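1. Below is the structure, and that's it, no one-letter string:
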């Protein structure tokens with residue numbers, strides 16, 4: 001078993017984290033022991049909760065069940081062109097990002113670039 005959990009269940013279980021991508025589609029689930037200090041985290045608020053191994057490991061390593069900021073989805077080929085005027089190679093990049101005007105990445109205000117496509 002992972003530190004802080006009581007071990008894997010043999011019968012089918014479901015992760016209690018509401019935003020888990022696949023709450024019932026994991027090989028292992030863990031019941032949280034609220035007294036654990038695994039990962040240097042306070043597990044008391046999750047005492048008795050059933051977590052999938054992915055969510056359990058996220059809490060152990062980051063101290064939260066929340067995922068990192070939303071990942072960008074790959075743009076279709078016809079949209080993969082950087083709209084930044086100063087870009088030297090607007091069609092040659094390993095990744096293109098469409099800017100969401102509500103984005104708060106880096107503590108910046110991206111409103112003026114909303115809908116723009118930027119390259120990596």
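-> Okay, I see it. What you see is a predicted model; the values in this text were computed from it and never measured. Numbering: from 1, shown residues only.

2. Check whether residue 54 really touches residue 26, as I assumed.
-> Yes. Taking C-beta atoms under 8 Å as the contact criterion, residue 54 and residue 26 are neighbours in contact, 6.7 Å apart. Bear in mind the C-beta positions are built from the backbone N, C-alpha and C, glycine included.

3. For these two, work out which one has more neighbours and name it.
-> residue 26 (20 against 15; other C-beta atoms under 10 Å).

4. Distance check, the more buried one against residue 57.
-> 11 Å (C-beta to C-beta, to the nearest Å).

5. need the next SSE after the helix or strand of the chain with the lowest mean pLDDT, C-terminal direction.
-> Among the helical and strand segments of the chain, the one scoring lowest on mean pLDDT, DSSP states H and E is strand 5-8, with a mean of 50. For strand 5-8, the following helix or strand on the C-terminal side (DSSP states H and E) is strand 29-32.

6. For that following strand, name the packing helices and strands.
-> When contacts are defined as 3 or more C-beta pairs under 8 Å, 6 or more residues apart in numbering; DSSP states H and E, strand 29-32 sits against strand 5-8, strand 50-52, helix 53-62.

7. and the longest one, which residues are buried?
-> Applying a neighbour-count criterion of 16 or more other C-beta atoms under 10 Å, one finds 53, 55, 56, 58, 59, 60 buried in helix 53-62.

8. I figured the fifth one hits residue 42, correct?
-> No. The pair residue 59 and residue 42 does not pass the contact test of C-beta under 8 Å, sitting 10.1 Å apart.

9. Can you give me the end-to-end span of stretch 21-32?
-> Stretch 21-32 has an end-to-end distance of 19 Å (criterion: C-alpha to C-alpha, to the nearest Å).

10. In contact with the spatially most central residue of the chain, which residues?
-> Nearest to the geometric centre of the chain sits residue 67, at 2.9 Å (C-alpha atoms, centre = their mean). For residue 67, the contact set (C-beta atoms under 8 Å, 6 or more residues apart in numbering) comprises 19, 58.
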